[in-house]
Structure formats: C-alpha cells, structure tokens
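# Would you be able to build a 3D model of this:
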Amino acid sequence: MKYLIRFEDDLALNPSVVGHKFSSLARATRSGFEVPSAVAIRVEANEFYRRNKGWPKGLMGEIRDATNEILLSRGVSVRSSSTLEDLGDKSFAGQYDTYLDIQNENDLKAKIEKCWESATSQLVFNYLDDQKIREAPLMSVMIQRMVHAKAAGVAFSRNPMYPLRDEVVVEGVLGLGEKLVSGHVTPYRVFVRNNRILKDETTFKTDTSEDVILENLNWREIAQLAGKAESHAEGRKPQDIEWAIDSNDKLWLLQSRPITTIREV
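Take a look at the predicted model:
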C-alpha cells in the first residue's frame, strides 16, 4: 500500500483517508492558494500502529523520499489531521499535538508517533465524552515544509461575535503563530471593514519595535485571504484561517477550517 498522499493525489480530497486539515489544504491548493508543500500519512498507518505497536513496512522509506523533496534539513512541521477535526461543530482545537521545525529523521519519526498517540490521550477521551462520541478517531499526520515566519497569526472571515457585519478579524504576532494559537501571548488585533483597518487599541503597545513591525503588516491582504478562503470553502462557511508571512513578505495559508464559535443571529 502507498501510505503517503500528496496534495495533487485524488485521495487528498477524502477526509476519511487524510483527515479534514489536509483535505482542506489540498482543496485550497487546487483553487490557487499559496500553501507550503506537504504530504499526509493516510489513516491506515495509524490503524496499523494502534494494532501492532509498530510501523507498517515501507512507510519510513516513503517518508524519507518525500521529506527529501520538502527539504527536511530546513525544517518541517508535523501536524494532526484527524478524521474528526476542524469540523463545523467539532473543532478538536488544542486536543492533538503539533510539532514545529523538525530537522532530522529520528526526531521526525518520534514526533509522528506522538501525533498518533495524541489521538488516544486522556484529554481527547474527555473531549469525546463531552461530545458523546464513543470511539477515538483515526489520525492522519501531515508533514509540511516550515514557513520561517517573520509574522503569523489567525484570521476570521466573519467577526464571530457580529457575523452579519462585513468585517474580518485578524490577529498576529511576530515569529511563529503557534504561541498565539496555544494562548501563550496576547495577539495584536485589527478589524478590516469595507477595506478600512480599525486597530484594537487594547492589543497594541506604544513605541516598541514590535508594534511598528506589526502596524506595517499588510492587514488588508490577510483579510482578503480569509475572505477568499470562505468563498472557496465547502458550503461557503465562514472560515478560521492560520496564516504566515515569510522573510520575503510572501503570505501563506497554513490552515482553513469552519468557525465553531460564531454567534447565532
């Protein structure tokens, strides 16, 4: 069996094989979005690992070939892509593991196993109980080229509190966005309404180099990316995206999923 799926493969659009995170990005690449190169380990490998406490034959060889193309030595991320993740009513946000800037094969293998094992952690089982789901979902794992970001963050194509407004909410930090997603720092926030940028003054410091860099980001471009993600999403549902800007000022889409906290109107 071929265990790795690339964005261009037919099965890349099947979330029961590659999970929702990878299938969403595969759909985005076909719509012209700039998404870092990635491969997914299909869920059958996770099923084999659970049953046999080991890796299926040939998988590591496939991964070695793929990561040579992605340039492992420059860093890759390992992210969960579960069959029950990034859904409109079940985000599973923060339940599974993500690992960044992995640069050698031994570390990569260990982090893939940790990603698989996070699907059956007590934290996930508690979440499943709350959602009245009886069985832990299978886990695809996405291996993706790192974007060594000068700034990164999230954006909501609709304001979750005021979804009827023509307003995009963008949050950003310097460096990698993981510290924002994990809740370790307070992000800088702007609202983009009718192409006007409205700063959330409570999140901007004063007279700091960090503040100057973030003020000069192209917030409109990020807002446009979020709006485009919504227009291309299945069912045109409002989207919660992760973005990153590299040292060449190129904007990348790292994730797109339905907003789960949107206020009912």
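
# And the strands in the stretch 101-250 of the chain, which stretches?
Secondary structure of the stretch 101-250 of the chain, counting by DSSP state E, counting those that start in this stretch: strands at 139-145, 151-156, 167-174, 188-193, 196-199, 239-245.

# Columns mean neighbour count and distance to residue 67 on top of these, output as CSV?
Any C-beta I mention is one placed from the backbone N, CA and C, and that applies to glycine too. Below are these laid out as CSV (neighbours: other C-beta atoms under 10 Å; distance: least, C-beta to C-beta, whole Å):
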stretch, mean neighbour count, distance to residue 67
strand 139-145, 26, 6
strand 151-156, 24, 22
strand 167-174, 23, 28
strand 188-193, 21, 34
strand 196-199, 13, 39
strand 239-245, 24, 20
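
# so residue 97 sits right up against residue 77, yeah?
No - the criterion here is C-beta atoms under 8 Å, and residue 97 misses it with residue 77 at 11.1 Å.

# As TSV, the strands of the stretch 101-250 of the chain with distance to residue 217 and mean pLDDT would be great.
Formatted as TSV, the strands of the stretch 101-250 of the chain follow (distance: least, C-beta to C-beta, whole Å; pLDDT from 0 to 100):
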stretch	distance to residue 217	mean pLDDT
strand 139-145	22	95
strand 151-156	6	95
strand 167-174	6	94
strand 188-193	9	92
strand 196-199	10	89
strand 239-245	7	95
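
# Could you dump those into CSV with distance to residue 53 added?
Compiled in CSV, those are given as follows (distance: least, C-beta to C-beta, whole Å):
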stretch, distance to residue 53
strand 139-145, 15
strand 151-156, 36
strand 167-174, 39
strand 188-193, 45
strand 196-199, 52
strand 239-245, 33
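
# Could you check which of residue 97 and residue 77 has the larger neighbour count?
Per other C-beta atoms under 10 Å, whichever of residue 97 and residue 77 has more neighbours is residue 77, with 21 against 18.

# quick one, what contacts that one?
Going by C-beta atoms under 8 Å, 6 or more residues apart in numbering, residue 77 touches 98-102, 142-146.
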